[in-house]
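S.K.: heads up, no residue letters with this:
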């Protein structure tokens, strides 16, 4: 189109001076991730979701209180006995049909952290409720760089129908910022890493990094003086463009100098991931590593993570289970199928033990990261064959900064709302909330011995 | 009062007959000045100044201030608008009596001539292009051509800013510190790749998994269908970016059920449109049917780095079903008897004959319902893992381009650097300029780097230098000082303009050599070069970057039509739509056709998927081929599904957006943005309590909106027979489509075919529009008033040469703003 008179001046000029007045903060310019001066270590909250139910009699420990026996599924977690608490008989009433017919998987996913009965729709008019992690995330939004992490390992989208007339959003997201706003989990470890730490390569050796920093400095020196010379011959509009460039050069120079001076800043001790690892176990471990790093650096205090979304059809060839998970979970009481489901459950628990190992290995303040965490592991379907939503598989690990007293198997009254547990966890982080979903009060016995 | 008004009006009309006769008889010249005082001004006072007065200033415009013919020259922009509004009937607005058409036309034509004269009398001005950085596409292509590595580093850069519809506009392209950091890193990786080869990477997993599928189920097999499965809604098409060259494991997982007794399912895996493998899945029956939920196949294949289109399909899907499905090549397996009807008949004791018949009937119905449909199958996900056995060897081409001498040769470092800097800076480099780069290499050597490592550092520096990242143009020294201060850009700048215009990349050796010899500007050489460049496959960037932005095809990627309303819209259809328009445009370039083909060609290019969507029989497979459109409701690119989709909302068509799209991208008539606080349409009601058209007409009763909507909406309504994804339709919801209408100038049309014919009559409008867009793209700046004559001039010359595409390109290249630049004072 022919431009008549006025043209982009305002926007352009704003952009021009924008470089001088409102510089975007470069990731590595952020000084050492805060949290070093805090007198008390913060409490972290993590939820890990296991889809398609478990073989519950292989999960539920024998014995109550301190003298419980590890079952086959929980055995991989035995080393963390003193740090974990198995909670039996919790229920998600709102994951039941309540007149809505099929769709237990979708309801389980949407209900797990919200306690809300999701609206049955495959369209865009989805409705669940705010989830417990997001209540905590909102509370700490201004405290940490990232308010919460939502992680998964199956590609997720939020449109279309996934289970008996329910939107895919319900199975994809356990985390909900609001009733209409599911938080789709990020599945690419590289993107998670960059979100937490920027895209610097922390994996290289200190010498290699120093050498590269020096190279970059000399290159920037060179182009800096070249540009100074170049602009002398330019008219005002060209010069303005080159000034943007010069500003960038100076920014980068400062940034490199700052990074050199600031040796105390947090450096993640893993290589920046380049994508999704091929083996499932490596993938899960990497996603746990990222959560550990995020907690360690206090970049965030709240995470959610799905081993798989409800009705996941992942095959577990690495442990000899080549049947897809969801069809397998409809085991029709065939011992062979039940055995395979149990194997998957055991495998998952082993991967979860890795998370606890890692957290326990990191000292912080008066203890370890594990001591300062509250980690929920479980699902909203008890048994995949019957799709029941009571007697749910659930455990809480970590000591919650002294607010939890683990090392026990607590059996609650049948059909105690799971959301009561969440309210207590939020209390332990001093997040003021009155109710959540179908909650009826606080969950007792978590602190008492 | 009204009576008097009428009387005056008729008197005035009578007077005007005389006036217009005089106007027509007497060509406009400097002696015709009195015309302004005698006829133009009275016309304005009578018809316009009522609102456009110094006091009222409707639309921020006063026409009262213009008292003489001299006032036209300094305000040609305003007068242009006056003519436009008069001619298209938007002024005087509805409700105010309209002067007779002959009168309007003669006044308009007088003003138009005066504007033209004023413009011709002004000094030609080539304008000035601000120094501009390479945009993402240009950066990727330039790195590819300089280093021989194609790894698209700029895909990670922040999105480029666009202005005037394009993302290569110098004034708009900004450079943030974040971007500079990306440049620094991209230079490191690009040089590393070229000098040392691909770094060994850990195998990764890539996965494409669409949300749940919904498509119509067929109880019986079809006989005539796409046997490749590619265009079926149960196929999965994925564009995957493979991180490195090597072996990949491709896994395809499916879901669904097949009837008992069916033969194994055949899964076709297609790579870049070619069938790579057919794999079988044979599952036992679970007693009722064959359960295929989660069934998977896997195979290994070698793939190059970069984007590949991977598709998983059901091949010959309706074959191998039990004979009762009546499909081709039915299953030869024994067919299990199926459930006994008695299972569904619970006959209470003492039931009457009639009751039993009824129960049987219901049982039969039930059995029919539980029967597995013939096509209840879909691809659930495609996963690729790799690279295994990765190819990491450095490309010998890359090294040959850089290492023009060996380490032992004397002054080799200098030779390598000066050669590379010349290509990277697109001009020769002086020894003084080269010195700091050379010193950098030498000091790196001293610090213990190998020869290759040190050279790499030097190359990196070149690639973050402003001389590389920015296109800064020099002009030829002027022999005679003239005050117009317009000088030809130097030959290197010309070579650079040519290559970024036609290739979105850096000039090749031939262009640089000709520039160095000072021969590039010679007309006979220039035209040979342009022809050579258009023939080069690199000119495909004109399709992707010019047409992709002009026609807004790029937006197709981010457009997501509502899945419930348009279940047939899938990624393969999206890809096919885009490819149709791109192939059509590329065909015009490759065969140097008339650009008017775009307006009303009765052919297009389609693959099976798109042909099915258009209802054109006889097109099979993935290849795009020329397809005759005679007898269909389509002609020209305005009826391409791509364009109809990008000019729609996700849930419905928008005649306004379509009208605006056509006015701005086809007829060169920009529409101002809507005023604030305009109420939106009630989406719920559309198609329910009134047609879209009825609702919009109501909306147009608002006079603020009416002046622009009167122009946009009728054009858009002309295309209402095409849905929001460009499918042909005769109904919208419960309502018959009425695609007839009238343009503000009174021309009536019945539907898109008519409308395209009317729009096509004004060839000049279209040619000026494409010229305007292409000149903007070629120059990398927004056009100004002084470019008008250039646009008109080019359009005229193109018309005189049968509207050939190459002619348009050549005329743009030969034009004043492309060849010259206004001198900018150093200090101001």
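M.R.: Looks like it came in fine. Computed from a predicted model, the values in this text were never measured in an experiment. Residues are numbered from 1 along each chain as shown, chains lettered A, B, ... in the order given.
S.K.: show me what counts as buried in stretch B:553-568.
M.R.: For stretch B:553-568, a neighbour-count test (16 or more other Cβ atoms under 10 Å in any protein chain shown) marks B:553, B:554, B:556, B:559, B:561, B:562, B:563, B:566 as buried. All C-beta atoms are positioned from the backbone trio N, CA, C, and that covers glycine.
S.K.: what secondary structure does the second one sit in?
M.R.: Counting by DSSP: H, G, I helix; E, B strand; the rest coil, the backbone at residue B:554 sits in helix.
S.K.: now it: closest residue in space, sequence neighbours ignored.
M.R.: Once its chain neighbours are removed from consideration, residue B:554 has its nearest residue in residue B:548; the separation is 4.8 Å (Cβ to Cβ, 6 or more residues apart in numbering or on different chains).
S.K.: any idea how far residue B:597 is from chain A?
M.R.: For residue B:597, the distance to chain A equals 23 Å [Cβ to the nearest Cβ, to the nearest Å].
S.K.: again, but for residue B:292
M.R.: Here residue B:292 is placed at a distance of 10 Å from chain A (Cβ to the nearest Cβ).
S.K.: and for the residue in chain B positioned nearest to chain A, the neighbour number?
M.R.: Closest approach between chain B and chain A, counting by Cβ to the nearest Cβ: residue B:294, at 2.5 Å. Neighbour count for residue B:294, taken as other Cβ atoms under 10 Å in any protein chain shown: 20.
S.K.: what's the answer for residue B:347, then?
M.R.: 12.
S.K.: identify the residues contacting it.
M.R.: Residues touching residue B:347, when contacts are defined by Cβ atoms under 8 Å, 6 or more residues apart in numbering or on different chains, comprise B:355, B:356, B:359.
S.K.: what subset of the residues you listed is buried?
M.R.: Judged by neighbour count, with buriedness set by 16+ other Cβ under 10 Å, the buried members of the contacts of residue B:347 are residue B:359.
S.K.: pipe the contacts of residue B:347 into JSON lines and attach pLDDT and distance to chain A per row.
M.R.: JSON lines is the format used below for those (pLDDT from 0 to 100; distance: Cβ to the nearest Cβ, whole Å):
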{"residue": "B:355", "pLDDT": "89", "distance to chain A": "29"}
{"residue": "B:356", "pLDDT": "89", "distance to chain A": "31"}
{"residue": "B:359", "pLDDT": "89", "distance to chain A": "25"}
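S.K.: about what we covered before: the residue of chain B closest to chain A contacts residue A:324, doesn't it?
M.R.: Yes: taking contact to mean Cβ atoms under 8 Å, the distance of 2.5 Å between residue B:294 and residue A:324 places them in contact.
S.K.: what about residue B:714, distance to residue B:696?
M.R.: 10 Å (Cβ to Cβ, to the nearest Å).
S.K.: need the overlap of contacts for those two.
M.R.: Common contacts of residue B:714 and residue B:696, defined by Cβ under 8 Å, 6+ apart, comprise residue B:655.
S.K.: and residue A:263, what's its pLDDT?
M.R.: Per-residue confidence (pLDDT) for residue A:263: 54.
S.K.: no, scratch that, I was asking about residue A:21
M.R.: 32.
S.K.: buried sites along stretch A:330-345?
M.R.: A:330, A:331, A:337, A:338, A:340, A:341, A:342, A:343, A:344, A:345.
S.K.: mind listing the helices for the stretch 651-800 of chain B?
M.R.: With helices called from DSSP state H, counting those that start in this stretch, the stretch 651-800 of chain B shows them at B:655-665, B:692-699, B:703-717, B:751-761, B:763-779, B:788-800.
S.K.: what average pLDDT does the longest one get?
M.R.: When pLDDT is averaged over helix B:763-779, the result is 96.
S.K.: show me what counts as buried in it.
M.R.: For helix B:763-779, the neighbour count (16+ other Cβ under 10 Å) marks B:763, B:765-779 as buried.
S.K.: so where's chain A shaky on pLDDT?
M.R.: Within chain A, the set of residues satisfying pLDDT under 70 comprises A:1-39, A:155-162, A:199-204, A:259, A:261-266, A:448-449.
S.K.: burial check on whichever residue of it sits closest to chain B, number of neighbours?
M.R.: Of chain A, the residue with the smallest distance to chain B, taken as Cβ to the nearest Cβ, is residue A:324 at 2.5 Å. By other Cβ under 10 Å, the residues close to residue A:324 number 21.
S.K.: hmm, residue B:291 and it touching each other?
M.R.: No: at 10.2 Å, residue A:324 and residue B:291 do not qualify as touching, with contact defined as Cβ under 8 Å.
S.K.: ok so, going back, OK, contacts around the residue of chain B closest to chain A?
M.R.: A:313, A:315, A:323, A:324, A:325, A:326, A:327, B:253, B:255, B:380.
S.K.: so which helix or strand takes in it?
M.R.: When elements are defined using DSSP states H and E, residue B:294 is found to belong to no helix and no strand.
S.K.: ditto for the one 4 residues further on
M.R.: Under DSSP H and E, the secondary-structure element containing residue B:298 is strand B:296-303.
S.K.: partner strands of the helix or strand that comes right after that strand, with direction?
M.R.: With elements assigned by DSSP H and E, the helix or strand that comes after strand B:296-303 is strand B:306-314. Partner strands for strand B:306-314, per DSSP bridges, with pairing direction: strand B:236-242 (antiparallel), strand B:265-271 (antiparallel).
S.K.: next secondary structure element downstream of the last one?
M.R.: I take that to be strand B:265-271. Once the chain leaves strand B:265-271, the next helix or strand it forms, by DSSP H and E, is strand B:274-281.
S.K.: repeat for the first one
M.R.: Counting by DSSP H and E, the element after strand B:236-242 in chain order, helix or strand, is strand B:246-259.
S.K.: that following strand pairs with which strands, parallel or anti?
M.R.: As defined by DSSP bridges, the strand partners of strand B:246-259 come to strand B:289-291 (antiparallel), strand B:296-303 (antiparallel), strand B:377-388 (antiparallel).
S.K.: and that strand with strand B:274-281, angle?
M.R.: Strand B:246-259 and strand B:274-281 are oriented at 50 degrees to each other (axes from the mean of the first three to the mean of the last three Cα atoms, to 10 degrees).
S.K.: distance between strand B:246-259 and the chain's centre?
M.R.: With Cα atoms, centre = their mean, to the nearest Å as the basis, strand B:246-259 stands 33 Å off its chain's centre.
S.K.: average pLDDT across that strand?
M.R.: Mean predicted confidence for strand B:246-259 is 93.
S.K.: what about stretch B:448-463, near chain A?
M.R.: Yes: applying Cβ under 8 Å from any Cβ of the partner chain, one finds stretch B:448-463 in contact with chain A at B:457, B:460, B:461.
S.K.: so which of those sit within helices?
M.R.: Where those overlap with helices, as defined by DSSP state H, the overlap consists of B:457, B:460, B:461.
S.K.: most neighbours, which of these?
M.R.: By neighbour count, taken as other Cβ under 10 Å, the most surrounded of these turns out to be residue B:461 (27 neighbours).
S.K.: show me what contacts the closest residue to it other than its chain neighbours?
M.R.: Closest residue to residue B:461 apart from its sequence neighbours, by Cβ to Cβ, 6+ apart: residue A:219 at 4.6 Å. When contacts are counted by Cβ under 8 Å, 6+ apart, residue A:219 touches B:184, B:440, B:457, B:460, B:461, B:464.
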